[in-house]
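Peer 1: Have a look at this fold, sequence not included:
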DNA sequence: GATTAATACTTGACTACTCAAGTATACTCA
DNA sequence: TGAGTATACTTGAGTAGTCAAGTATTAATC
């Protein structure tokens, strides 16, 4: 029955909805957190297109997500010196600090969200999720 | 390290993004499918509030999702005879037929999305997802 | 039987995207 | 070296939700 696969994906959507609700911390939404995490530890900055690909978003979605983060001075962008079409996004020092705090708070929330799973099960879940549609 | 739990949830978000992209069928989005599935097999109709709870949406979200489906005559609503505040949503005959077709098509897409997982792993994934934040 | 409180939505204003079309720059190769 | 194509965004219009506040109705209590 192919509906079983659909049910698995419906369960995925439901779990995602719960996660999104639980993970707003320090004024950063889960979506913003998701975008900021790959900016940690880059000196040179990262291209929006790269981020889009990595996060399964469109380039347009990244553009739109970066804007309010720039306004709040969490992220800054410069032009790519090697390619005038491209830009490079990176955390500001304040943004970096905020993200560290947010991730710590998010860690607590996430741990609570996953409290019914053992660490092994969490790893297992993560492995299985990575196989979905990739 | 609490960040591990966050990573699991980031993997969840990425998998969700892939699923949403893949599951648009017969003019119904994954979100619409999600809303319609619990309406299958109800004669009397179901309350928006109930649906909201079941799908981890707000009542407001359900109101907004139902509207275009009513306009397209996929869903119809009547007032609850026992409670004038409430309404009852149900599939129209045409909606029911459309949903069946959509679910079949969705089944194929979902199966393809999950092709790298065995049936046992899919079940396992579903079980783990149901434990997230519940 | 009149308040008061709770429930079941609905609506307005906002966030988080999507797709399609547009702009600017870079790459390819005859 | 210039024409054509591909890449890296950006923008406009629309969908899918959120939260806070408002309306109508029911339930609870004194």
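Peer 2: Good, I have the coordinates. If you're wondering where the values come from, they're calculated on a predicted model, not measured in any experiment.
Peer 1: And the residue nearest the centre of chain A, which helix or strand is it part of?
Peer 2: Nearest residue to the geometric centre of chain A (Cα atoms, centre = their mean): residue A:34, 1.1 Å. Counting by DSSP states H and E, the secondary-structure element that holds residue A:34 is helix A:30-36.
Peer 1: What residues does chain A have near DNA strand C?
Peer 2: In this structure, chain A approaches DNA strand C at residues A:29, A:31-32, A:34-35, A:56-58, A:60-61, A:64-65, A:68, A:83-85, judged by Cβ under 7 Å from any atom of the strand. C-betas here are computed from N, CA, C, even on glycine.
Peer 1: Would you mind marking which of those residues are also close to chain B?
Peer 2: Of the entries in these, those that also sit close to chain B under the rule Cβ under 8 Å from any Cβ of the partner chain are A:34, A:56-57.
Peer 1: how about these in CSV, adding pLDDT?
Peer 2: Supplementary listing: these in CSV, determined by pLDDT from 0 to 100:
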residue, pLDDT
A:34, 94
A:56, 90
A:57, 93
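Peer 1: with these in mind, which one is nearest to residue B:90?
Peer 2: When these are compared for distance to residue B:90 (Cβ to Cβ), residue A:56 wins out at 34.5 Å.
Peer 1: these two touch, right, that closest one and residue B:14?
Peer 2: Yes - using Cβ atoms under 8 Å, residue A:56 is in contact with residue B:14, at 5.6 Å.
Peer 1: These two: which is more packed in?
Peer 2: Neighbour count, other Cβ atoms under 10 Å in any protein chain shown: between residue A:56 and residue B:14, residue B:14 has more, with 21 against 18.
Peer 1: do you know how far the more buried one is from residue B:38?
Peer 2: Residue B:14 sits 26 Å away from residue B:38, going by Cβ to Cβ, to the nearest Å.
Peer 1: circling back: and the ones next to chain B among the residues of chain A next to DNA strand C, which is closest to residue A:105?
Peer 2: Nearest to residue A:105 among those is residue A:34, at 15.0 Å by Cβ to Cβ.
Peer 1: Now residue A:28. Its backbone dihedrals?
Peer 2: Listed backbone geometry of residue A:28 is phi -110, psi 130, with angles given as degrees, to the nearest 10.
Peer 1: Which residues does the biggest strand by length in chain A contact?
Peer 2: Ranked by residue count under DSSP state E, the longest strand found in chain A is strand A:83-91. Where contact means Cβ atoms under 8 Å, 6 or more residues apart in numbering or on different chains, the residues beyond strand A:83-91 that reach it are A:36, A:39-40, A:42-49, A:51, A:66, A:74-80, A:99.
Peer 1: Inside helices: which ones of those residues?
Peer 2: Secondary structure assignment (DSSP state H) places A:36, A:48-49, A:51, A:66, A:99 from these within helices.
Peer 1: With neighbour count added, can I get those in JSON lines?
Peer 2: Formatted as JSON lines, the ones in helices among the contacts of strand A:83-91 follow (neighbours: other Cβ atoms under 10 Å in any protein chain shown):
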{"residue": "A:36", "neighbour count": "23"}
{"residue": "A:48", "neighbour count": "22"}
{"residue": "A:49", "neighbour count": "14"}
{"residue": "A:51", "neighbour count": "21"}
{"residue": "A:66", "neighbour count": "21"}
{"residue": "A:99", "neighbour count": "22"}
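Peer 1: All good on my end, thank you.
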